[in-house]
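J.: Compute the structure for the input listed below.
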Amino acid sequence: MNWNTQLWLGSVSLACLMSAGIAAADVKVGFIGSLASDAGRSTLRGAQIAIDELNARGGVLGGQQITLVEADTGEDVTEGIKAYEYLAETEEVDFIISGSIDDVSLGWLPRMVEYQIPTLDTWTSYIGIIDKLVEDYDDYKPYFMNVASDEALATLYIDFGKDVLAGQMGWKSVVILQEDTAFGGAINGLVSQLLAPEAGIEVVDTIVYDVATVDFSPIFNRAVDSGADFIYIISSVNSQVVSSQYVKLQVPKAMTGVNVAALGQEYWEDTGGAGGGISTLSPVPSVGFALDPVSKAFADKYVERFGDSRPKFPHFNGFNAYHGIYQAFAAAEEAGGFNNTTWVEAMEKQDIVLERDGQMWLRYGFWQPGEVEPRTGRTYPHNIRFDITPPYDDGAPSMVVIQWYEDGTNAVVYPPKYATGEFKVPSWVK
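T.: Got it, this is the predicted structure:
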């Protein structure tokens, strides 16, 4: 080996070491969620757009680039646990952004406690996770949820029940159709406890069904026979099935509630055009929601980049992921990295206020540990700062109610400040 060869090899080795050093210095973000679901892909794409923007601006933490790696849960609890372990142990990520459903988040949550990796949930709204922060803040403090939790969701729906279902429509009784999931049980418990005393609507029956159900005719028959004025559906899995059968069977009761399939623009296509009349609670921003300029710019960029594949328009958690990435890295800049306690303290202070026509429209801030929300009288540490008291001038509402009409259009129908249309019963319901 001559001197020139040695020099060349030495240069290559040095270049490789320098390259490895640069790669090692990169900040790594892990995505956890279902890559086959609209919700999962929406979170992933929202995060990717924000990361690409940050990298294009020169990177973060002194010029480091952000790398995004993926871990698929398949909407399965066991696979979700494996996915979190993969991100923690194999990829050694600095931060995790989640598009997981409730049951999957509950599955990997003990791993988050074990690894203490800063984690932001953009989809699940399960109040039980926030309760864990209330009970054991030190262990769970790396966890944040930037979608309003179930209790806030239920409060908005009680207002809708009182103002529209009871007040406007005159309905006084309901039958609940609830899927057999943690999400379904949580929402049912909250709604059942609050509808009668606060909205004056009696729950006359509750029907729990398996998420694999394909024939809903016996269930709808039982719902009609209950004598209730309307049906409240709680469905986060295979929601398009119960929706389309409701329309095709021309069930003679109005149906509202929480229908996750109806949250996306693909709902009409997925139901074969048999989705009209369905209304549902939705986190914001929702379909039919008027966007502020910042959120609209993100949505336009999303459509330009991903509009040829589903979801063609971001679900609410796509917006949450986009803004959440910016919050997480703003906190990291302040804390000098994702170093647990200092990052947590910096993340707690993040507060993005988005205005439309000179008024607060959306807000991405967090409830502080020990801070009491006045209407419910309880604390929501690390949950997004929702506003559940009109006129919603201290943040965005916890949710809105959207409706799909029989012509395939959709609109926000409640609360009035955000409404872009009116609540209507299907034409076949008398």
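
J.: And the strands in the stretch 151-300 of the chain?
T.: Along the stretch 151-300 of the chain, counting by DSSP state E, counting those that start in this stretch, strands occupy 173-179, 202-209, 230-235, 254-259, 279-282.

J.: TSV please, covering the ones you listed and showing mean pLDDT, distance to Pro118 and mean neighbour count.
T.: Every residue, glycine included, has its C-beta placed from N, CA and C. Below are the strands of the stretch 151-300 of the chain laid out as TSV (pLDDT from 0 to 100; distance: least, C-beta to C-beta, whole Å; neighbours: other C-beta atoms under 10 Å):
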stretch	mean pLDDT	distance to Pro118	mean neighbour count
strand 173-179	96	31	24
strand 202-209	95	36	16
strand 230-235	94	31	24
strand 254-259	93	29	25
strand 279-282	92	27	27
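
J.: would you turn those into a markdown table with distance to Ile96?
T.: Shown next, in a markdown table, are these (distance: least, C-beta to C-beta, whole Å):
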| stretch | distance to Ile96 |
| --- | --- |
| strand 173-179 | 27 |
| strand 202-209 | 32 |
| strand 230-235 | 27 |
| strand 254-259 | 26 |
| strand 279-282 | 25 |
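
J.: and Glu266, which of the ones you listed is closest to it?
T.: strand 254-259 (13.4 Å; C-beta to C-beta).

J.: Can you tell me which helices and strands the helix or strand hosting Trp343 packs against?
T.: Using DSSP states H and E, Trp343 sits within helix 341-348. Packing partners of helix 341-348 (3 or more C-beta pairs under 8 Å, 6 or more residues apart in numbering; DSSP states H and E): helix 316-335.

J.: what angle do the helix it packs on and helix 341-348 make?
T.: 130 degrees (axes from the mean of the first three to the mean of the last three C-alpha atoms, to 10 degrees).

J.: From the chain's centroid, how far away is helix 316-335?
T.: Counting by C-alpha atoms, centre = their mean, to the nearest Å, helix 316-335 is centred 14 Å from the centre of its parent chain.

J.: Please save the CA atoms from that helix in PDB.
T.: The C-alpha coordinates for helix 316-335 follow below in PDB (Å, rounded to 0.1, in the frame of the first residue of the first chain):
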ATOM      1  CA  PHE A 316     -58.100  17.100  13.000                       C
ATOM      2  CA  ASN A 317     -55.100  15.100  14.200                       C
ATOM      3  CA  GLY A 318     -53.200  16.100  11.100                       C
ATOM      4  CA  PHE A 319     -53.500  19.700  12.200                       C
ATOM      5  CA  ASN A 320     -52.600  18.700  15.800                       C
ATOM      6  CA  ALA A 321     -49.500  16.900  14.600                       C
ATOM      7  CA  TYR A 322     -48.400  19.900  12.500                       C
ATOM      8  CA  HIS A 323     -48.800  22.400  15.300                       C
ATOM      9  CA  GLY A 324     -47.600  19.900  17.900                       C
ATOM     10  CA  ILE A 325     -44.200  19.400  16.200                       C
ATOM     11  CA  TYR A 326     -43.600  23.100  16.300                       C
ATOM     12  CA  GLN A 327     -44.500  23.200  20.000                       C
ATOM     13  CA  ALA A 328     -42.300  20.300  20.800                       C
ATOM     14  CA  PHE A 329     -39.200  21.800  19.000                       C
ATOM     15  CA  ALA A 330     -39.900  25.200  20.400                       C
ATOM     16  CA  ALA A 331     -39.700  23.600  23.900                       C
ATOM     17  CA  ALA A 332     -36.600  21.700  22.900                       C
ATOM     18  CA  GLU A 333     -34.900  24.900  21.800                       C
ATOM     19  CA  GLU A 334     -35.700  26.400  25.200                       C
ATOM     20  CA  ALA A 335     -34.700  23.300  27.200                       C
END
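
J.: Could you number the chain from 53 rather than 1 from now on?
T.: Done: numbering now begins at 53, and the last item shifts to helix 368-387.

J.: Can you point out the buried residues in that helix?
T.: The neighbour-count check on helix 368-387 (16 or more other C-beta atoms under 10 Å) flags 368-384, 387 as buried.

J.: re earlier: right, so of the strands of the stretch 203-352 of the chain, which gets closest to Asn435?
T.: Nearest of these (C-beta to C-beta): strand 331-334, 16.5 Å.
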